[in-house]
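Engineer: Just to be clear, the model below is a prediction. Sequence and coordinates:
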Amino acid sequence: MSELARRFLNLLFTFGFYSKHYKIVYNGKIASTNEFYEARHWSVRAGLKVKWSKIFDVLLIQAKVKPLKEFSVFIFYSSRHDADNLSIMGKMLVDTMKGKYIENDINRFYKSTHTIHDSSLPKNTFEFHIIGK
């Protein structure tokens, strides 16, 4: 499945749907959606959001991301998490991008998210592909 998704990603550029591609790689433990919502007190969730915003700020700068008019996010991962448990990481990435790299995360700008398990990646590796115009 991951090979098919990567081919699809390449086709989006081949046929001119998108012209910009930024790849962010994170290795290590992440916050799962379950972990985020198990935190009953808002301050714990706010602390996680601040922590990941700082991490994504650095990763976005390292990837030399430029402002986008519209975009999609592909997440390839190799970890014990279920695909739906990574939704919070995609959300925190996009929230970090708001106002800096994207105008907003409404449907007019944010077109899609795809989360794909890729067993060829090293364990606890997460690739965030931001594609857009």
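Structural biologist: Looks like it arrived, so ask away.

Engineer: any idea how far Val25 is from Ile75?
Structural biologist: 11 Å (CB to CB, to the nearest Å). The C-beta positions use only the backbone N, C-alpha and C, and glycine is treated the same way.

Engineer: tell me, what's touching those two both at once?
Structural biologist: Phe126, Glu127, Phe128 (CB atoms under 8 Å, 6 or more residues apart in numbering).

Engineer: Just name the closest of the residues you listed to Gly99, please.
Structural biologist: In terms of CB to CB, no member of these lies closer to Gly99 than Phe128, at 18.4 Å.

Engineer: Helix, strand, or coil at that closest one?
Structural biologist: strand (DSSP: H, G, I helix; E, B strand; the rest coil).

Engineer: wait, isn't it in contact with Tyr77?
Structural biologist: No - using CB atoms under 8 Å, Phe128 makes no contact with Tyr77, being 9.2 Å away.

Engineer: Give me the helices and strands touching the helix or strand of the chain with the lowest mean pLDDT, please.
Structural biologist: Using mean pLDDT, DSSP states H and E, the weakest-scoring helix or strand in the chain turns out to be helix 33-38, at a mean of 85. Applying 3 or more CB pairs under 8 Å, 6 or more residues apart in numbering; DSSP states H and E, one finds that helix 33-38 contacts helix 42-62, helix 87-97.

Engineer: thinking again about what came up before, adding pLDDT and neighbour count as columns, could you present the shared contacts of Ile75 and Val25 in JSON lines?
Structural biologist: Converted to JSON lines, the shared contacts of Ile75 and Val25 look like this (pLDDT from 0 to 100; neighbours: other CB atoms under 10 Å):
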{"residue": "Phe126", "pLDDT": "97", "neighbour count": "22"}
{"residue": "Glu127", "pLDDT": "97", "neighbour count": "19"}
{"residue": "Phe128", "pLDDT": "97", "neighbour count": "23"}
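
Engineer: ok, of these, which one's closest to Asn85?
Structural biologist: The shortest approach to Asn85 among these belongs to Phe126, at 11.8 Å (CB to CB).

Engineer: How far off centre is stretch 57-66?
Structural biologist: A distance of 12 Å separates the centroid of the chain from that of stretch 57-66, by CA atoms, centre = their mean, to the nearest Å.
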